[in-house]
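S.K.: Give me a model of this one.
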Amino acid sequence: MNYIYWAHLPEHTDKNTQGYIGVTCRDLSVRMKRHFDDTKANSQYTFHRAIRKYKEKIIWEIIAEYENEKEAYTFENFLRPKENIGWNNAIGGSKPPVQKKGKKQKSTMKKLLPEQVEYILNSKESSNSLGKKFNVAKSSIYRLRKKNGIVISDSLIDKNIYIFNHLDYGQEICTQLEFKKKYNLDSDKVSAIIKGKRNTHKGWSFLGKLNQ
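M.R.: Here you go, the predicted structure:
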């Protein structure tokens, strides 16, 4: 049997616009536990943030049953025909990714919300730290940054403030990441002038670290 469930607050009255709609072929308590596990793992999905906020105030109830799995997902799609309705982020009507036994499921970049992607691209945190924050593989964070021209190893993502100098632009006092992004510079070459392996890069020279 396939069950359609609705998780919502007591004041919610509209299944089409409020709360969370899901499908499960198991007992509802089993599916609830999976949501609770994801919530404890700091998942940033809207529903899991709602669970952390409202906790036991959330009501879980089965609103429909289908012997045919396809019919169940069709009804879910009817209630959630587009993204970001209620506490649902995704469009209803498809199965969640299968989790391999013994391995914790990591969300993919496709599941990140636009504001989360923007946060990652502008963050000075390491790929490892961001991966834990958004439940995404470290390698996926690295690929996203690389695709957007941010190629930097975790060891270089720090809070140190560096001083660079240019004959035309003058001095620039900022982090490595801010410096590279502002002037569209090559990550390896900037690292090289900081380490003393080269003198300049596109006219920029390294003067020192402000917080030494």
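S.K.: F36 against I51, yeah?
M.R.: Yes. In terms of C-beta atoms under 8 Å, F36 counts as a neighbour of I51; the distance is 7.0 Å. (Each C-beta comes from the backbone N, C-alpha and C, glycine too.)
S.K.: Neighbour count for those two, which is higher?
M.R.: Remark: of F36 and I51, I51 carries more neighbours, 23 against 12, as counted by other C-beta atoms under 10 Å.
S.K.: Can you report phi and psi for that one?
M.R.: The phi and psi torsions at I51 (degrees, to the nearest 10) take the values phi -60, psi -40.
S.K.: burial of K57, as a residue count?
M.R.: Number of residues near K57 (other C-beta under 10 Å) recorded here: 12.
S.K.: Name the secondary structure element that contains the closest residue to T24 other than its chain neighbours.
M.R.: Spatial nearest neighbour of T24, excluding adjacent residues (C-beta to C-beta, 6 or more residues apart in numbering): R31 at 4.0 Å. Assigned by DSSP states H and E, R31 falls within helix 28-40.
S.K.: Name the residues that touch that helix?
M.R.: The set of residues that contact helix 28-40 without belonging to it, under C-beta atoms under 8 Å, 6 or more residues apart in numbering, is 3, 5, 7, 22, 24, 45, 47-48, 51-52, 60, 62, 135.
S.K.: And the helices in the protein, which stretches?
M.R.: Taking DSSP state H to define them, one finds helices in the chain at 28-40, 46-54, 69-79, 114-122, 127-134, 138-147, 176-183, 187-194.
S.K.: which one of those has the lowest average pLDDT?
M.R.: Here those differ in mean pLDDT, and the lowest is helix 114-122 at a mean of 73.
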